[in-house]
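J.: task: produce atomic coordinates for the following.
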Amino acid sequence: MWYHAGAHSACRARHMPSRIDSVALFDKLARAMQKYEFLLVTKSENGLSVAKEILASFGGKITKEDNWGQRKLAYKIKKCDSGYYCVMNIDIQGAKLSEFLKKLQLEDDVLRALIFLD
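T.: A predicted model of the protein is given here:
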């Protein structure tokens, strides 16, 4: 859609945020602590402590933890029939979330890790 330099374009410019404002807002959100719900399935209970250590290394905090214990999996994951389930509410910076997940997936003891916005 084409806009001509007239009264309408000036009005439109006042109401639309500039690109610089959008970048600043994105940076602010990336640095802010966000609340997430984190579901973790591990091979053993040791995997839970490893995940907590990795979370702490990225500056994350656990606000609530609910251990479900060992449960049978619906299908095999990494040749395992059962896994230890844990649901946590965590606070972590949005910019560090993807790095945290990548490092967590590299652990042999972690079967699944799912993160949802809380």
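J.: how about D66, nearest residue that isn't a chain neighbour?
T.: Spatially, and ignoring its direct neighbours in sequence, D66 is nearest to V87 (4.6 Å; C-beta to C-beta, 6 or more residues apart in numbering). In this view, the C-beta of every residue, glycine as well, is placed from N, C-alpha and C.
J.: let me fix that, I meant to ask about L48.
T.: C86 (5.4 Å).
J.: does the residue nearest to D66 count as helix, strand or coil?
T.: Using DSSP: H, G, I helix; E, B strand; the rest coil, the structure places V87 in strand.
J.: before we move on, back to that, the residue nearest to L48 contacts Q70, correct?
T.: No. Checked against C-beta atoms under 8 Å, the pair C86 and Q70 is beyond contact range at 10.9 Å.
J.: okay, the two: which has more neighbours?
T.: C86 (21 against 12; other C-beta atoms under 10 Å).
J.: in this protein, which ranges drop under the pLDDT threshold?
T.: Within the chain, the stretches with pLDDT under 70 are 1-30.
J.: where do the helices sit along this structure?
T.: All helices of the chain, identified by DSSP state H, fall at 7-15, 19-31, 45-57, 94-105.
J.: my guess is K52 contacts K61, does it?
T.: No. Shown here, K52 and K61 do not form a contact pair, counting by C-beta under 8 Å, at 10.4 Å.
J.: what about the two, which has more around it?
T.: It is K52, of K52 and K61, that has more neighbours when counted by other C-beta under 10 Å, with 17 against 11.
J.: looking at this structure, which strand is longest?
T.: Identified as the longest strand of the chain according to DSSP state E is strand 61-77.
J.: thanks again, I'm all set now.
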